Each structure stands twice: as C-alpha cells, then as structure tokens.
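Chemist: okay, structure incoming, though there's no sequence with it:
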C-alpha cells in the first residue's frame, strides 16, 4: 500500500510565514503541524499535504438512487465509500460519525485506487461514489481512484457540497462522470450559521458544472423544519435553478431527522417534501423528487410532457419502466434528460457491505 501522506498543489505561502490552503473558500492559514478544518490537509515540511490518501471506510454496494441520482443509470449498483473529515461544519450532519471523525487509524481500511476499481468491477458496479463525507477534501485520492476506474470502464460519482475554489474545481470535476451537489439552503445566513460557510461559492460551482463540464448534475436539499422550508425560500431556490442551470437538472427534497447538533429540531413531515416538490414543478423544474420517505409518486420519474410514469420507484426498487432504448418516453417520444441503459438491471436494489482490505 502506498504512503498515506502525499503532497498537494493548491496552496501558497503568506508573508507572515503561514501557508494558505487554496482548495476551498475556507482558505485555512496554517503553521507547521497544523491541520485545516477539513482535518485531512495538514502543513508538513513547509507544504500542505493530504494525510488520508488510501484511508477509506464505509464500503457498501448501494443502489445509485441512494446517492441520490435518479437519472444516472437507474437501478444500477454503485460502490460507495468515504473518508474522515469535511470542510463544512453542518450542525445537522447525517454522517457525523465519519465526517467529524478524528480517529482515522481506527476507522480506515487500506484501499488503493486500483483495488477499489477492481472490487467495483467484481461486484458488478457500474460506478464508484465518493460519499459520506465531501470528496473535494481528498481531491488527489479521488482523482487517482477515478483514473483507475475509467481504465476498467467504471464511472465515478461525487456526492459533494460543492464548496471548492475555481482552480481545483476544474481539475476535480474533469474526473467526475456525475455529481449530486447538496444545495443546503438558499440563504447565506443558513450557510453561515448552520454550516460555517457561504452560499455564493456553491452557486458558482453549480453554474460551472452545468456550463463548463460534461458531468451529469443532480441537486439535493435536506429540508429542515423552521430553517429552510419556507415557501419564499423554496420559490427563490427553484426559480434560480431553472434560470441558471435549466429545467432538466433533477432536484431531490429529502427528509431531515434529528442528528448531531440539531437533536431539538423535529423530523420533516412528508407533506413538507410534497409541498417543496410541487413548488419546484410549478416553477419549471421537470424532474423533482422526494427522498428519505416512502413516497412512490414523489420518487418516480414522470414525463414532463404527457404525464406518463416512466420509472416507478419504491424504496430504491425499480418497478415499471417505460423508457425506450433511446431514453425517451414510450408514449410521446419525449427525450428524458440523463444517462440510461436500455432498461434497469436491478443490481443495486439491495445494499450490501463490502470488505476491501486489511487495516492500515
């Protein structure tokens, strides 16, 4: 197994002797031995190094819909994994046991890029997903995994908050075949108070992915009662998406459950998700979904022209399939945005854990 500490390129030396990390808008300024907020990028030997290369956890074969991606080879299997650390500080983090971990040695399995690609192929996965924590913080590792996967015909998926600077953003998304970006809210106040970040860089990332890359894009918003669920905010968000990204970018509105530092906030009522979905559809979003609840109507794909149900979904299981071999509605021949096989193979319907290698 190769070394777990590797040099990085996105940083520069400041006049006071500190080094500024230029990977994300947080721009951590580090003295020797200090780590950024993400925890996995550290100043060592007068440069910023990634100290988590090859250290991964949470390996599982999932349905692609769990990422969630509903228009990227529906029904297919994806090999999911993450690492320690994150460059946001979301109080509602649903994966805090990994993203906030400071115990990499006890959490991490040895997982070289070549081994991950090999396991994905053996498991019948069409893609590999960087998930559970944000892959931008382990950009060098993620891109090496993506290159190894492409050599084996495996796609790569980033599940990310999109909080990344312009230069590394170009390099990162050039290696990703699909991305689900977590648009956490549509006010800077929410990003600042709840996530310790800002909204503007995320919107810039979304516009960049859509306009400048071939990466398939879907969005997810975790709807948190009393924080980002007002009609006014949902109206503004969905109108912005249609105006800046177009009507074909799928939006997922998912249910919050009390976790991490927001245990005092109630779970999202299903009716709130239905309302968010309806606002999106009324504002021109062609593919709007509900998630983290049992809602066959809200989780299924519908033709935006004739109203035909094209892909029936219930708890990640694919039922009725009414797309033709060209990815068009069988009833009216309207093309559906996305990447589709001739039909869903169902290989990802049952999540199952995977063992990659020995402990580091």
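Modeler: Nice, I can see it. Note that the structure is predicted; figures quoted are calculated from it, not measured.

Chemist: would you map out the domains in the chain?
Modeler: Domains of the chain are assigned by automatic domain parsing as 6-50, 55-349.

Chemist: what's the most buried one of these?
Modeler: domain 55-349 (a mean of 19; mean count of other CB atoms under 10 Å). C-betas here are computed from N, CA, C, even on glycine.

Chemist: quick one, helices of the stretch 51-200 of the chain?
Modeler: 96-99, 104-107, 113-122, 139-151, 166-174, 188-190, 200-212 (DSSP state H, counting those that start in this stretch).

Chemist: dump these to CSV, plus distance to residue 62 and mean pLDDT.
Modeler: Putting those into CSV (distance: least, CB to CB, whole Å; pLDDT from 0 to 100) gives the following:
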stretch, distance to residue 62, mean pLDDT
helix 96-99, 15, 52
helix 104-107, 19, 50
helix 113-122, 12, 95
helix 139-151, 16, 97
helix 166-174, 22, 98
helix 188-190, 28, 97
helix 200-212, 22, 98
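
Chemist: for residue 116, what are its contacts?
Modeler: By CB atoms under 8 Å, 6 or more residues apart in numbering, the residues touching residue 116 are 56, 79, 81, 128, 145, 148-149, 356.

Chemist: per-residue confidence at residue 358?
Modeler: Note for residue 358: predicted pLDDT of 48.

Chemist: what of residue 351?
Modeler: 75.

Chemist: ignoring the adjacent residues along the chain, who's closest to it?
Modeler: residue 62 (5.0 Å; CB to CB, 6 or more residues apart in numbering).

Chemist: how near is that neighbour to residue 352?
Modeler: Going from residue 62 to residue 352 by CB to CB, to the nearest Å gives 9 Å.

Chemist: got the helices of the stretch 51-200 of the chain as CSV, with distance to residue 225 columns?
Modeler: CSV is the format used below for the helices of the stretch 51-200 of the chain (distance: least, CB to CB, whole Å):
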stretch, distance to residue 225
helix 96-99, 19
helix 104-107, 31
helix 113-122, 37
helix 139-151, 33
helix 166-174, 32
helix 188-190, 13
helix 200-212, 22
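
Chemist: returning to what we had before: would you list the contacts of residue 116 in JSON lines and tack on distance to residue 206?
Modeler: Formatted as JSON lines, these follow (distance: CB to CB, whole Å):
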{"residue": "56", "distance to residue 206": "27"}
{"residue": "79", "distance to residue 206": "26"}
{"residue": "81", "distance to residue 206": "24"}
{"residue": "128", "distance to residue 206": "22"}
{"residue": "145", "distance to residue 206": "23"}
{"residue": "148", "distance to residue 206": "27"}
{"residue": "149", "distance to residue 206": "24"}
{"residue": "356", "distance to residue 206": "32"}
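
Chemist: residue 87: which of the helices of the stretch 51-200 of the chain is closest?
Modeler: Nearest of these to residue 87, taken as CB to CB: helix 96-99 at 9.6 Å.

Chemist: residues touching residue 23, list them.
Modeler: By CB under 8 Å, 6+ apart, the contact set of residue 23 is 8, 10-11, 38, 41, 87, 136-137, 139, 164-165, 168.

Chemist: ignore the last one, residue 88
Modeler: Residue 88 touches 134, 161, 163, 195-197, counting by CB under 8 Å, 6+ apart.

Chemist: isn't the residue nearest to residue 351 right up against residue 76?
Modeler: No. Applying CB atoms under 8 Å, one finds residue 62 not in contact with residue 76, separated by 10.0 Å.

Chemist: so the closest residue to residue 248 other than its chain neighbours: helix, strand or coil?
Modeler: Among residues not flanking residue 248 along the chain, residue 337 sits closest, at 3.7 Å (CB to CB, 6+ apart). Assigned with DSSP: H, G, I helix; E, B strand; the rest coil, residue 337 falls in the coil class.

Chemist: show me the contacts for residue 337.
Modeler: 71, 248-250, 286-287 are the contacts of residue 337 under CB under 8 Å, 6+ apart.

Chemist: against residue 323, how distant is it?
Modeler: Counting by CB to CB, the gap from residue 337 to residue 323 is 12 Å.

Chemist: low-confidence stretches in the stretch 151-300 of the chain?
Modeler: Applying pLDDT under 70 to the stretch 151-300 of the chain flags no residue at all.

Chemist: how does it look with 90?
Modeler: Low-confidence segments of the stretch 151-300 of the chain (pLDDT under 90): 257-262.

Chemist: from start to finish, how long is stretch 185-195 in a straight line?
Modeler: From its first residue to its last, stretch 185-195 covers 10 Å (CA to CA, to the nearest Å).

Chemist: surely residue 185 meets residue 221?
Modeler: Yes. Using CB under 8 Å, residue 185 is in contact with residue 221, at 7.2 Å.

Chemist: touching both of the two, which residues are there?
Modeler: Residues touching both residue 185 and residue 221 (CB under 8 Å, 6+ apart): 228, 237.

Chemist: distance of the closest residue to residue 208 other than its chain neighbours relative to residue 182?
Modeler: With CB to CB, 6+ apart as the criterion, residue 208 has its nearest non-adjacent residue at 6.1 Å, and that residue is residue 169. From residue 169 across to residue 182, the span is 15 Å (CB to CB).
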